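**Q** what would the 3D arrangement of this be:
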Amino acid sequence: MTPAQRRLALGCGAGALVIGWVTGVILPQAAAVAALRPNVRQLQQDLRDLRRQTAELPQWTQRYEALRTELQASPRLLAQERLPALLDQLAAAAKAAGLAVEMARPAGPKTPSKSAPNRGAADGAALEYAVIPLEILGRAGYHDVGRFVEALEAAQPLCRVEALSIEADRRDPLHHRVALVVRAYLAVTPL
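**A** Numbers count the residues shown, from 1 in each chain. The predicted structure is shown next:
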């Protein structure tokens, strides 16, 4: 082979290697990069969002703590706000039983909350209750009082008759003066 033919053969061989390298290595890598480009853009957007959310984290933490403090105080307030509805429920039960209520009011200071096992919970979790003593004065017959006590003890929220006093009235022998002290247990959800 002449030197010109040798150069031509080397040039063709080098050209074939370059073409093989471009088609075998460069073009597949370019196709892979093009396929990954949307994923890279999405990851870049996710990274920007994560940085923004991380910057907002102290504000969200502060808001969470404020709401948590508010919620820890609110169950007791909610229990107190449910008192008018409880009195309405007691009045309806008294009317259904035939007890004429003359007065129903909270009796003395509210007792501290107590814990009691939750009968509905399988894990034996305890519910916290706000205990509200109520005084009920009225007029009724013996059977009416019995129906009222039965309705109270079966009611939701849970009520328990703590004291019962029945005094005869000479003017009306069928209706007696009745005084009850009832404890209502309003569930409070601890956080």
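
**Q** show me what contacts A96?
**A** 147, 151 (C-beta atoms under 8 Å, 6 or more residues apart in numbering). C-beta: built from backbone N, CA, C; applies to glycine.

**Q** quick one: which helix or strand includes it?
**A** Assigned by DSSP states H and E, A96 belongs to helix 83-97.

**Q** tell me the first helix or strand C-terminal of that helix.
**A** Per DSSP H and E, helix 83-97 leads on to strand 100-106 as the next helix or strand towards the C-terminus.

**Q** angle of that following strand against helix 83-97?
**A** Orientation check (axes from the mean of the first three to the mean of the last three C-alpha atoms, to 10 degrees): strand 100-106 against helix 83-97 gives 160 degrees.

**Q** need the helix or strand of the protein with the lowest average pLDDT.
**A** strand 111-117 (a mean of 49; mean pLDDT, DSSP states H and E).

**Q** just to revisit the earlier point, ok now the helix holding A96, how far from the chain's centre?
**A** Taking C-alpha atoms, centre = their mean, to the nearest Å, one finds the center of helix 83-97 at 28 Å from the center of the full chain.

**Q** quick check: mean pLDDT across it?
**A** When pLDDT is averaged along helix 83-97, the result is 84.

**Q** name the helices or strands packed onto whichever strand or helix holds C159?
**A** Using DSSP H and E, the element containing C159 is strand 158-167. Helices and strands touching strand 158-167, by 3 or more C-beta pairs under 8 Å, 6 or more residues apart in numbering; DSSP states H and E, are helix 142-153, strand 176-188.

**Q** try 10 Å this time
**A** helix 83-97, strand 126-140, helix 142-153, strand 176-188 (3 or more C-beta pairs under 10 Å, 6 or more residues apart in numbering; DSSP states H and E).

**Q** these: which one's closest to L8?
**A** Nearest of those to L8, taken as C-beta to C-beta: strand 126-140 at 94.7 Å.

**Q** what lines up beside that closest one in the sheet?
**A** strand 100-106 (antiparallel), strand 111-117 (antiparallel), strand 176-188 (antiparallel) (DSSP bridges).

**Q** average pLDDT for it?
**A** Per-residue pLDDT values across strand 126-140 average out to 82.

**Q** could you do stretch 39-47 as well?
**A** Averaged across stretch 39-47, pLDDT comes to 90.

**Q** for stretch 167-187, same thing?
**A** Mean pLDDT, computed over stretch 167-187, is 85.

**Q** tabulate the strands paired with strand 126-140 (JSON lines), appending mean neighbour count and distance to L8.
**A** Formatted as JSON lines, these follow (neighbours: other C-beta atoms under 10 Å; distance: least, C-beta to C-beta, whole Å):
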{"stretch": "strand 100-106", "mean neighbour count": "14", "distance to L8": "111"}
{"stretch": "strand 111-117", "mean neighbour count": "12", "distance to L8": "98"}
{"stretch": "strand 176-188", "mean neighbour count": "20", "distance to L8": "96"}
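
**Q** sorry, back to before: got the helices and strands packed on strand 158-167 as JSON lines, with distance to S165 columns?
**A** Shown next, in JSON lines, are the helices and strands packed on strand 158-167 (distance: least, C-beta to C-beta, whole Å):
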{"stretch": "helix 83-97", "distance to S165": "16"}
{"stretch": "strand 126-140", "distance to S165": "10"}
{"stretch": "helix 142-153", "distance to S165": "10"}
{"stretch": "strand 176-188", "distance to S165": "4"}
